[in-house]
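Peer 1: coordinates for the following, if possible.
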Amino acid sequence: MKSNNILQLKIALVGSKPPIWRRILIPMNSTFFTLHVTIQDAMGWEDSHLHQFHTTEPYKRSSTYRNVIGFPMPEMEDMLDERKVKLSEWLKAPKSKVWYEYDFGDTWMHEVKVEKIIPLDSKIKYPHLIDGEMPCPPEDCGGLGGYYELLEILKNPKAKEHKDMLEWLRIESAADFDPTFFDAKDIKFRDFQKVLKQYEKGFGGM
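Peer 2: From the prediction side, this is the model:
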């Protein structure tokens, strides 16, 4: 298989209903750090918390955390360095999967699945967002449970926390928050090398 092939990946926020997902194209020889930055930008996260990739499904009892890929930390001696591990090592064929976990408190878990592998197209700038649906939840809202509770509070002007949630979201009314609107044209991908330098200086959620 050519090293310059392109992965078409579907990234879905596990447990979201209706599904919150993105479909992207990314070179197969990219590192997992590049994929991390790509997921952050494609989903709309702020890259302000810790993250890691799991090579086995984290919610299954039979799964182990032996193969965890992330930005190296002293307390995670067995973690594989995402700056060095290539996507081609784990995402080798259609239906291959890894799981991306963001924010160990809220635990936003994403399933990353290979839909197909295609030749590189010199006319496309990678990574490339093909499409997606639904915006990602606000940061620090308490995981999916907290997010759906937030949506219910916004629907009910008489709810005790309604005003507090408007202030927290920095909006004047619930109509200003649309949990269904997503426009792929709004997505911009950052320069991976610049982000990496920030991480190595101790920024980017470290």
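Peer 1: just the pLDDT for the most centrally placed residue in the chain.
Peer 2: By C-alpha atoms, centre = their mean, the mean C-alpha position of the chain lies nearest to residue 39, the distance being 3.9 Å. Per-residue pLDDT puts residue 39 at 98.
Peer 1: for it, give me its contacts.
Peer 2: 11, 22, 45, 100, 102, 110, 112 (C-beta atoms under 8 Å, 6 or more residues apart in numbering). (Glycine included, C-beta is placed from N, CA and C.)
Peer 1: burial count for the third one?
Peer 2: The local packing count at residue 45 equals 19, with neighbours defined by other C-beta atoms under 10 Å.
Peer 1: and it, how far is that from residue 153?
Peer 2: Applying C-beta to C-beta, to the nearest Å, the value for residue 45 to residue 153 is 22 Å.
Peer 1: any chance you could map the helices in the chain?
Peer 2: With helices called from DSSP state H, the chain shows them at 32-43, 143-155, 162-169, 192-200.
Peer 1: among these, which is nearest residue 176?
Peer 2: With C-beta to C-beta, the closest approach to residue 176 among the helices of the chain belongs to helix 162-169: 7.9 Å.
Peer 1: shaky segments in the chain?
Peer 2: 1-3, 61-66, 75-76, 203-206 (pLDDT under 70).
Peer 1: let me see the ranges of the strands in it.
Peer 2: Taking DSSP state E, the strands of the chain run over residues 6-13, 21-27, 51-54, 68-70, 80-81, 97-102, 108-118, 128-133.
Peer 1: adjacent strands (with direction) for the fourth one?
Peer 2: So that's strand 68-70. strand 51-54 (antiparallel), strand 80-81 (parallel) (DSSP bridges).
Peer 1: got these as CSV, with mean neighbour count and distance to residue 7 columns?
Peer 2: Shown next, in CSV, are those (neighbours: other C-beta atoms under 10 Å; distance: least, C-beta to C-beta, whole Å):
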stretch, mean neighbour count, distance to residue 7
strand 51-54, 23, 14
strand 80-81, 16, 18
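Peer 1: all set now, cheers.
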